[in-house]
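K.L.:
pasted the sequence and its predicted model underneath.
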Amino acid sequence: MADDQNQTDDLDLNTLNDEELVEQMHDDLYNGLKEEIEEGTRILLARGWAPEKVLNQALVEGMRIVGIDFRDGILFVPEVLLAANAMKGGMEILRPLLAETGVEPIGKMVIGTVKGDIHDIGKNLVSMMMEGAGFEVIDIGINNPVDSYLAALEEHEPDILGMSALLTTTMPYMKVVIDELKTRGLRDDYIVLVGGAPLNEQFGKAVGADAYCRDAAIAVETAKALLMARRAVQRQPQAMAN
Ligand code: B1M
């Protein structure tokens, strides 16, 4: 890694063509080089790349590679933390671009990672894309016990509750939250969306969520569709009365 670092120090990212630069960014993410990731992100944007394209091809794909080597015991927590930090550097540059709408919010979402789980990159991405699609997002962070969700729902009165979990050991906690909403008679007040790498559609149904969202783009589509459907139903009795 020290050699990689020296080589990267000498390398002018501007001299690389797009394909080489994206490949270099995958390496830089792997090596946790935040400044290089930030520079690469800026260069791709300056070359006219759409923020979504930079996000998916340079950052998300780079993190996918990190995930494989983490799984296989080639990378360990400290290295993956550095990679995550580098990824966040790039995401921060993209955030205002993805969130640029300038229109009235079309709906509100509270989102957080469940108790016992500190993974937040996917959740942050979902927040960004939802903001970009015109939602107001209240992000309550990581490691949320049921009480944090309840407090945020009461305070912000959102249309949507989003929960994220990246561990097979923490994903069952989503059911704890949803069951508590049911116990308090609050379940139907919210559209509940769940996501995270180990989840699937069947799991989403089993825990009583309205939908499982495979990625951030699907979260946006699903949120819009379910919100429109809910508003249409809410309008119906009024229309019938007129
Ligand atoms: Co963790 N980790 N990790 N980790 N980590 C995974 C999840 C793992 C799959 C790695 C592996 O073995 N291949 C594995 C879980 C295995 C399992 O449960 N079956 C694992 C493990 C084991 C662990 C530790 C237990 C390791 C240890 O300590 N021995 C530990 C647990 C800590 C804890 O949470 N208590 C741990 C720690 C860490 C770091 C802190 C080092 C770091 C997190 C840093 C951070 O997030 N700030 C980390 C990372 C980075 C990963 C991997 C490599 C990458 C996750 C990521 O950010 N992906 C991950 C491997 C992997 O997932 N392939 C791994 C990129 C992100 C864009 O994708 O999060 O899937 P993702 O989000 C997507 C979708 O899932 C969806 O949309 C997002 C965008 O498209 N989505 C939602 C996510 N949330 C949503 C919510 C929604 C909708 C959609 O709501 C509406």
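P.N.:
Nice, I can see it. Residues are numbered from 1 along each chain as shown.

K.L.:
average model confidence for the longest helix along the chain?
P.N.:
Longest helix of the chain, by residue count under DSSP state H: helix 216-241. Taken as a whole, helix 216-241 has a mean pLDDT of 86.

K.L.:
and I160, backbone torsions?
P.N.:
Backbone dihedrals for I160, given as degrees, to the nearest 10, come out at phi -130, psi 140.

K.L.:
if I look at it, what pLDDT would I see?
P.N.:
At I160, pLDDT is 98.

K.L.:
what sits against it?
P.N.:
Contacts of I160 were listed using C-beta atoms under 8 Å, 6 or more residues apart in numbering, and they are G107, K108, M109, V110, F135, Y190, I191, V192, L193, A223, L226, L227. In short, each C-beta sits where N, CA and C put it, glycine included.

K.L.:
helix/strand/coil for the closest residue to it other than its chain neighbours?
P.N.:
The shortest distance from I160 to any non-neighbouring residue, by C-beta to C-beta, 6 or more residues apart in numbering, is to M109 (4.0 Å). Using DSSP: H, G, I helix; E, B strand; the rest coil as the criterion, the local structure at M109 reads strand.

K.L.:
related to what we said a few turns ago, what's the offset of the longest helix of the chain from the middle of its chain?
P.N.:
22 Å (C-alpha atoms, centre = their mean, to the nearest Å).

K.L.:
give the buried residues for that helix.
P.N.:
A216, I218, A219, V220, T222, A223, K224, L226, L227, R230 (16 or more other C-beta atoms under 10 Å).

K.L.:
can you redo these as TSV with distance to L166?
P.N.:
Output for the buried residues of helix 216-241, formatted as TSV (distance: C-beta to C-beta, whole Å):
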residue	distance to L166
A216	14
I218	17
A219	15
V220	20
T222	19
A223	20
K224	25
L226	23
L227	26
R230	28
